[in-house]
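Asker: quick one, what's the 3D model for this:
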Amino acid sequence: MVCTMASKPPAPLMKKHSQTDLISRLKSRKILGVGGEDDDGEVHRSKISQMLGNEMKFAVREPVGLRVWILLSAVGFTAMALMALVFPNQLYEVVFEEELSTTNISVRLYGGALLSLSLIMWNGLYTAEKVIIQWTLLSEACYFAVQFLVTSITLVEIGILPNAAMLLLLSRVLFLLVTMAYYYHLGRKPKKI
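Answerer: Predicted coordinates for the structure are as follows:
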């Protein structure tokens, strides 16, 4: 008997029809819970992507010109900080058109604070996280609002209204509006297509 079995040709392999293979594949995907839409309307291709999440959902849809605005802000904050640290008297004289009667330390402290804010701006320029960009814009907006208030109160106390100070106030209002517009636009939920 051993001889007869060895002489028989092997049985042909059964091939599955593509349709039944597809049906069993769909059944397997249904059991695994992939392939269908989840609560957010996303279709996951694998269980791993379903567990880890879709990174496209976290991608920031940036408004046009946002990175340019953050770059300009970072450069501007850095330049103003260096001017306040190195030339405190001249910076004060340009804005208020009078000499600094008190010590230079207040203007230099202002320069240090600006330098710290510029580091936040530089960090916001190189990040892709929406929350960090929003906090960067919010800190910039807070700075512009506080500078507008402090400069306005100082001008009222001094009783003069130099052209340079008026230009500074108008620029702060403009910068505040632009920054808040970017902040608002970045915080909006994207429309589902």
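Asker: following element in sequence after the lengthiest helix in the chain, please.
Answerer: Counting residues, the longest helix in the chain under DSSP state H turns out to be helix 130-158. The first helix or strand that comes after helix 130-158 along the chain, using DSSP states H and E, is helix 163-187.
Asker: so what does that next one touch, helix or strand wise?
Answerer: With contacts defined as 3 or more CB pairs under 8 Å, 6 or more residues apart in numbering; DSSP states H and E, the secondary structure elements packing on helix 163-187 are helix 66-86, helix 88-96, helix 130-158. (Each C-beta comes from the backbone N, C-alpha and C, glycine too.)
Asker: so for L115, which of those sits nearest?
Answerer: Across the helices and strands packed on helix 163-187, the minimum distance to L115, taken as CB to CB, is reached by helix 66-86, at 3.8 Å.
Asker: got the buried residues for stretch 69-79?
Answerer: 69-70, 73-74, 77-78 (16 or more other CB atoms under 10 Å).
Asker: and those residues as a markdown table, adding distance to M166?
Answerer: Output for the buried residues of stretch 69-79, formatted as a markdown table (distance: CB to CB, whole Å):
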| residue | distance to M166 |
| --- | --- |
| W69 | 24 |
| I70 | 27 |
| S73 | 22 |
| A74 | 26 |
| F77 | 21 |
| T78 | 25 |
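Asker: in JSON lines: those, plus distance to I120 and pLDDT.
Answerer: Putting these into JSON lines (distance: CB to CB, whole Å; pLDDT from 0 to 100) gives the following:
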{"residue": "W69", "distance to I120": "14", "pLDDT": "94"}
{"residue": "I70", "distance to I120": "10", "pLDDT": "93"}
{"residue": "S73", "distance to I120": "10", "pLDDT": "94"}
{"residue": "A74", "distance to I120": "9", "pLDDT": "95"}
{"residue": "F77", "distance to I120": "9", "pLDDT": "94"}
{"residue": "T78", "distance to I120": "11", "pLDDT": "96"}
